[in-house]
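Trainee: no FASTA, just this:
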């Protein structure tokens, strides 16, 4: 997806070929006027795919970390599905690790969101 869109000077995503802005559909932001915990994640992932770390960090601080965790899923899943598919104990350890990782990611999103609320950055 990041090869088909770019971020324009207003910070909106737009299609590269037609320069058409992609509509913004965050119902939380539309109804409350406050950024949601995940606001900026798509733009952050898009910037990370283009190796633009500073813009990715600016869009959503936790997005850089989540991008690398998402990439880590590929070898992690391969390891537990292909190599250790018959060893149930290792599979149980892998499942628990994924569960803890999910909650860490969720906690990171909310810590980042509370920080944005505290500093006023969520009201832009």
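Mentor: Looks like it came in fine. Remember, it's a predicted structure, so these values are computed and weren't measured experimentally. Residues are numbered from 1 along each chain as shown.

Trainee: now do the buried residues in the helix or strand where residue 75 lies.
Mentor: Element membership for residue 75, per DSSP states H and E: helix 61-78. Buried positions in helix 61-78, judged by neighbour count with 16 or more other Cβ atoms under 10 Å: 61-67, 69. Placement of C-beta: from N, CA and C, glycine included.

Trainee: mind listing the helices for the chain?
Mentor: Applying DSSP state H to the chain gives helices spanning 27-32, 41-49, 53-59, 61-78, 88-119.

Trainee: could you dump those helices to TSV with distance to residue 10 and mean pLDDT?
Mentor: As requested, those are exported to TSV (distance: least, Cβ to Cβ, whole Å; pLDDT from 0 to 100):
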stretch	distance to residue 10	mean pLDDT
helix 27-32	15	85
helix 41-49	11	85
helix 53-59	13	89
helix 61-78	19	85
helix 88-119	19	83
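
Trainee: if you compare those, which one is most tucked away?
Mentor: Among the helices of the chain, ranked by average contacts under mean count of other Cβ atoms under 10 Å, first place goes to helix 41-49 (a mean of 21).
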